[in-house]
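Chemist: predicted structure and sequence below. I'll ask about it afterward.
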Amino acid sequence: MADFQQRDPMSPAFWDERFGRGFTPWDRGGVPQALREFAAANGPLVTLIPGCGSAYELAFLAGAGWDATAIDFSPQAVQAGKRAVGEHAERVVEADFFAWQPARPLQLIYERAFLCAMPRAMWPRVAARWAELLPAGALLAGYFFFDDAAKGPPFGIVREQLDALLCDDFECIADEAVADSIPVFEGKERWMIWRRWTGDKIHRGIT
């Protein structure tokens with residue numbers, strides 16, 4: 001599968017080509033365990049799933065009564081998502097993460113292979129958008145891919161980089177090993193929950 005014509009992951013055509021040809025090694029085909037446990041422990045939350053791909057998590061959360069929306073800027077990914085979620089297809093939306101606006105204030109953004117799909121130069125913009133979309137006390141929860149290989153996607157991060165991206169706006173409240181990773185992420189991802197800071201930095205003792 002090395003003969004792809006599209007090489008820019010910032011273009012919808014890059015992902016259209018891969019979904020169109022069925023080359024989706026990041027797709028686990030179901031819902032990971034940590035998300036199931038998180039959903040069981042938390043009441044229904046207003047949730048965004050960016051870069052949703054096949055959107056299995058959307059179907060799971062919507063079926064549990066959550067107000068969840070999944071977005072992707074790739075038309076082929078959106079089609080795959082709509083097929084996968086059945087009766088919840090209207091919740092899978094073709095949209096640009098950097099322009100999309102929620103109908104209600106978000107309580108959760110679920111991260112799954114979205115940050116690592118982006119070239120590293122885009123990461124500050126992604127983190128700023130997370131902070132913009134999430135009000136104080138809201139959560140950023142999901143899977144973060146740690147690796148230092150130069151090429152991608154997936155583009156891995158190191159913990160110091162992730163802290164630098166997020167700690168001005170979020171506090172990490174959970175950081176756990178993952179036991180059910182798919183091969184492309186195995187041994188290199190963590191389940192993490194970050195909470196949007198409440199109050200200003202001075203009141204938090206940060207200068």
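Modeler: Perfect, I can see it now. Residues are numbered from 1 along each chain as shown.

Chemist: quote the end-to-end distance of stretch 152-161.
Modeler: End-to-end distance of stretch 152-161 (Cα to Cα, to the nearest Å): 17 Å.

Chemist: quick one: contacts of that stretch?
Modeler: 9, 26, 113, 115-120, 123, 144-149, 165, 184-185, 188 (Cβ atoms under 8 Å, 6 or more residues apart in numbering). C-betas here are computed from N, CA, C, even on glycine.

Chemist: rerun that using 6 Å as the cut-off
Modeler: 9, 116-117, 120, 145-147 (Cβ atoms under 6 Å, 6 or more residues apart in numbering).

Chemist: run the chain-centre distance for stretch 175-189.
Modeler: In terms of Cα atoms, centre = their mean, to the nearest Å, the centre of stretch 175-189 is found 15 Å from the chain centre.

Chemist: any buried residues in it, and which?
Modeler: 178, 181-182, 184-185, 188-189 (16 or more other Cβ atoms under 10 Å).

Chemist: what is the mean pLDDT for that stretch?
Modeler: Averaged across stretch 175-189, the pLDDT comes to 93.

Chemist: who wins on neighbours among the contacts of stretch 152-161?
Modeler: Among the contacts of stretch 152-161, Cys116 has the most neighbours (other Cβ atoms under 10 Å), with 26 neighbours.

Chemist: now for the contacts of stretch 152-161: which two are most distant?
Modeler: The distance between the two most remote of these (Cβ to Cβ) is 18.8 Å, for Pro9 and Phe146.
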